[in-house]
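Novice: next come a sequence and a model predicted from it.
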Amino acid sequence: MEADFVIVGAGSAGCALAYRLSEAGSSVIVIEYGGSDIGPFIQMPAALSYPMNMPLYDWGYRTEPEPNLNGRRLACPRGKVIGGSSSINGMVYVRGHACDFDHWAESGATGWSYADVLPYFMRMESWHDSGHGGDPTWRGSNGPLHVTRGPRTNPLFHAFVEAGRQAGYEVTADYNGEKQEGFGPMEQTVWKGRRWSAANAYLRPALARPNCDIVKGHANRIVITDGRATGVELDQGGKPMTITARREVIIAASAINSPKLLMLSGIGPAGHLAEHGIDLIADRPGVGKNLQDHLELYIQMAASQPITLYRYWTLFWKSVLGARWLFTKTGLGSSNQFESAAFIRSAAGVKYPDIQYHFLPMAVRYDGQAAAEGHGFQAHTGPMRSKSRGAVTLASADPMAAPEIMFNYMSHEDDWSDFRTCIRLTREIFAQDAFKPYAKHEIQPGAEARTDDELDAFIREEAESAYHPCGTCKMGAADDPMAVVDPECRVIGVDGLRVADSSIFPRITNGNLNGPSIMTGEKAADHILGKSLPPSNVQPWLHPDWQTNQR
């Protein structure tokens, strides 16, 4: 079996690559280990806590004991299903801030500045304003990826935005447009009541073409002949198979599995590969390094009125809402319930937002465990640009063995002060008049946690991953010893091989990573095809007093 291009991974970037490369007339084979994404647990937006906790859909990775988080092993969900993590994520759509991409370009990823990537964000979107505001000159209208906003019928969504305004922060009509900074509506990859994953947006239309196919199997190794990638060796239920790439192999297997596959193929730190008896093809010490994530806390408040989603947290109401969604694709089941958001700066002198908020009208964890106190609401918050770095390494040369994942969370001293700032600023927001009719008392951290030491203890015990791993195959200049791919996404030192997913991010972007991951697939496809969209000349909004004022 052979094709012009062989893509490993039917996730966010892989689906976009399959769509664009097959659209251009090339033959494409996508290799995916996971199974079907059909079913209510994935397609119903409100059921988002289920698929990321199901072995059927999730690789089930956990970190090594994190030394700065009381030795806890945190969950690191990655999609093992058609659509990859876009089929199990929270469906929150964030592009990232313009300055994030300008930093990429300045750090060696030439051609990936905001001016360069904005046209790809616009090309991939079908943005549905729905009367909420925002400037369509910044947004796309004809792309495969539908981006919508929830109805925000619960008064708590509006209370959150108003509380931000009362606390002196900006209000923004569209954080994905000209102005990220501020409080406003949150966007989601939901369309007509369904999760609009990369599989729905890109892969299914691509597979409808005669030149695109998908093959189920576990990619064990990239076949490299005389310094060139010529195919992929995979396992199909114990049966070996090799798929030949006439032109290129593209790895889009996630920030965890992409470096793992490179190392299994002999591309990575020479000493580490030697430890596992893997023959060296290219000594790239940066493979698996530079691992980053967003860590977050849930600041929870008990509600004084029974207006939260907790009233629907019974088997009866879940069944009713599920049935309504199943037959009509409407009701509470048709939204991820993250319908208000904020991006703020932690201090004067911070140029652009470094704190994100997801607001939820219920006190609940990602794993579906509701707060024991019943009715409540919460803000997910955390710093956007931690200086801590971790690594993905091989536990074994066995391709089926899970890699070792160590984020090294909270290893930089600035993380502690940044998280304390997040907690204190959130408390100030929840204390505004807009929440007076709804707020009862703080559930967590709890009123007794006030000093730095008390807040640090809460952080150690309660901080959780936001599930945004990236950076393990860093993009940079060819002479950067820690770069894994060049700005064309080509693996340095091996011909005919590229990596295109969140693993190539030099530094993590603001907010959720599904949007930037899809953009990476879109832009990488153009690099492969030898073309590019003309750069944009619009200028994003920056707070005029950022050097002297925090808000």
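Specialist: Okay, I see it. Being a predicted model, the structure only gives us computed values, none of them experimental. Residues are numbered from 1 along each chain as shown.
Novice: now do the helices in the stretch 151-300 of the chain.
Specialist: 155-166, 198, 204-207, 254-264, 270-275 (DSSP state H, counting those that start in this stretch).
Novice: quick one, strands of the stretch 151-300 of the chain?
Specialist: 182-185, 187-188, 190-191, 194-195, 212-216, 218-225, 228-236, 239-251, 267-268, 282-283, 295-303 (DSSP state E, counting those that start in this stretch).
Novice: among those strands, which is nearest residue 170?
Specialist: In terms of C-beta to C-beta, the element of the strands of the stretch 151-300 of the chain nearest to residue 170 is strand 182-185, at 3.3 Å. In short, each C-beta sits where N, CA and C put it, glycine included.
Novice: what lies in contact with the closest one?
Specialist: Strand 182-185 has contacts (C-beta atoms under 8 Å, 6 or more residues apart in numbering) with 132, 149-150, 152, 160-161, 163-165, 169-175, 339-344, 357.
Novice: let's see 10 Å
Specialist: Strand 182-185 is touched from outside by 130, 132-134, 149-150, 152, 157-158, 160-165, 167, 169-175, 339-344, 353, 357, 359, 429, 541, 543, 551, with contacts defined as C-beta atoms under 10 Å, 6 or more residues apart in numbering.
Novice: drop the exposed ones from those and show what's left.
Specialist: 134, 149-150, 152, 157, 160-164, 167, 169-170, 172, 174-175, 339-344, 353, 357, 359, 429, 543, 551 (16 or more other C-beta atoms under 10 Å).
Novice: on that earlier part again, which of the strands of the stretch 151-300 of the chain sits closest to residue 399?
Specialist: strand 218-225 (3.9 Å).
Novice: distance of the closest residue to residue 445 other than its chain neighbours relative to residue 346?
Specialist: Closest residue to residue 445 apart from its sequence neighbours, by C-beta to C-beta, 6 or more residues apart in numbering: residue 458 at 4.3 Å. Distance of residue 458 to residue 346, computed by C-beta to C-beta, to the nearest Å: 18 Å.
Novice: with respect to burial, which of the helices of the stretch 151-300 of the chain scores highest?
Specialist: Ranked by mean neighbour count, these are led by helix 198 with a mean of 33 (mean count of other C-beta atoms under 10 Å).
Novice: and the contacts of that helix?
Specialist: With contact meaning C-beta under 10 Å, 6+ apart, helix 198 is reached by 10-16, 18-19, 37, 79, 82-87, 124, 144-145, 189, 204, 514, 517-518, 521.
Novice: 8 Å instead, please
Specialist: With C-beta under 8 Å, 6+ apart as the test, helix 198 has contacts from 10-16, 83-84, 86-87, 145, 514, 518, 521.
Novice: please enumerate the helices of the chain.
Specialist: Counting by DSSP state H, residue ranges of the helices within the chain are 12-23, 40-43, 98-106, 114-124, 155-166, 198, 204-207, 254-264, 270-275, 315-328, 413-430, 452-462, 514-529.
Novice: now do the longest one: distance to the chain's middle.
Specialist: Distance of helix 413-430 from its chain centroid, counting by C-alpha atoms, centre = their mean, to the nearest Å, is 22 Å.
Novice: can you check the second one too?
Specialist: Here the centre of mass of C-alpha atoms in helix 40-43, compared against the chain's by C-alpha atoms, centre = their mean, lies 19 Å away.
Novice: just the fourth one next, same as before
Specialist: When distances are taken as C-alpha atoms, centre = their mean, helix 114-124 is centred 17 Å away from the chain's centroid.
Novice: what is that helix packed up against?
Specialist: Counting contacts by 3 or more C-beta pairs under 8 Å, 6 or more residues apart in numbering; DSSP states H and E, helix 114-124 packs against helix 98-106, helix 514-529.
Novice: next one, pLDDT for residue 370 please.
Specialist: As predicted, residue 370 sits at a pLDDT of 63.
Novice: look through this protein and report the residue furthest from the middle.
Specialist: residue 226 (35.7 Å; C-alpha atoms, centre = their mean).
Novice: pLDDT below threshold where in this structure?
Specialist: The model of the chain has pLDDT under 70 over residues 130-134, 366-372.
Novice: list the contacts for residue 232?
Specialist: Neighbours of residue 232 in contact, by C-beta under 8 Å, 6+ apart: 6, 8, 31, 219, 221-223, 242-243, 245, 249.
Novice: typo on my end, it should be residue 161
Specialist: 171, 183-185, 340, 342.
Novice: equivalent analysis for residue 455, please.
Specialist: So residue 455 contacts 419-420, 423, 445, 449 (C-beta under 8 Å, 6+ apart).
Novice: what's the neighbour count on the nearest residue to it once chain neighbours are set aside?
Specialist: Using C-beta to C-beta, 6+ apart and skipping residues adjacent in sequence, the residue nearest residue 455 is residue 420, 5.0 Å away. When neighbours are defined as other C-beta atoms under 10 Å, residue 420 has 17 of them.
Novice: distance check, residue 420 against residue 150.
Specialist: Taking C-beta to C-beta, one finds residue 420 at 31 Å from residue 150.
Novice: with residue 196 instead?
Specialist: Using C-beta to C-beta, which is the criterion applied here, residue 196 is 13 Å from residue 150.
Novice: equivalent analysis for residue 407, please.
Specialist: Separation of residue 407 from residue 150 (C-beta to C-beta) stands at 30 Å.
Novice: try residue 529
Specialist: Residue 529 is 36 Å from residue 150, by C-beta to C-beta.
Novice: what does residue 236 give?
Specialist: In terms of C-beta to C-beta, residue 236 sits 41 Å off from residue 150.
Novice: do residue 543 as well
Specialist: Residue 543 sits 27 Å away from residue 150, taking C-beta to C-beta as the criterion.
Novice: ok, back up a step: right, so the strands of the stretch 151-300 of the chain: which one is the most enclosed?
Specialist: Of the strands of the stretch 151-300 of the chain, strand 267-268 is the most buried (mean count of other C-beta under 10 Å), at a mean of 29.
Novice: what pairs with that strand, parallel or antiparallel?
Specialist: Sheet partners assigned to strand 267-268 using DSSP bridges are listed as strand 282-283 (parallel).
Novice: run the chain-centre distance for the strand it pairs with.
Specialist: Chain-centre distance of strand 282-283: 29 Å, with C-alpha atoms, centre = their mean.
Novice: try stretch 299-312
Specialist: The answer for stretch 299-312 is 27 Å, by C-alpha atoms, centre = their mean.
Novice: can you check stretch 250-270 too?
Specialist: Worked out by C-alpha atoms, centre = their mean, stretch 250-270 lies 19 Å from the chain centre.
Novice: CA atoms only: put that stretch into CSV for me.
Specialist: The C-alpha trace of stretch 250-270 is given here as CSV (Å, rounded to 0.1, in the frame of the first residue of the first chain):
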residue,chain,number,x,y,z
ILE,A,250,4.1,13.6,8.1
ILE,A,251,3.9,12.8,11.9
ALA,A,252,0.9,14.4,13.5
ALA,A,253,0.5,12.1,16.5
SER,A,254,0.4,14.7,19.4
ALA,A,255,3.0,16.3,21.7
ILE,A,256,3.3,12.9,23.5
ASN,A,257,3.3,10.4,20.7
SER,A,258,5.1,12.4,18.0
PRO,A,259,8.4,12.5,19.9
LYS,A,260,7.9,8.9,21.0
LEU,A,261,7.6,7.8,17.4
LEU,A,262,10.7,9.8,16.3
MET,A,263,12.8,8.2,19.1
LEU,A,264,11.6,4.7,18.2
SER,A,265,12.7,5.5,14.6
GLY,A,266,16.2,6.5,15.7
ILE,A,267,15.7,10.3,15.8
GLY,A,268,16.4,11.9,19.2
PRO,A,269,19.0,12.3,21.9
ALA,A,270,21.8,9.8,21.0
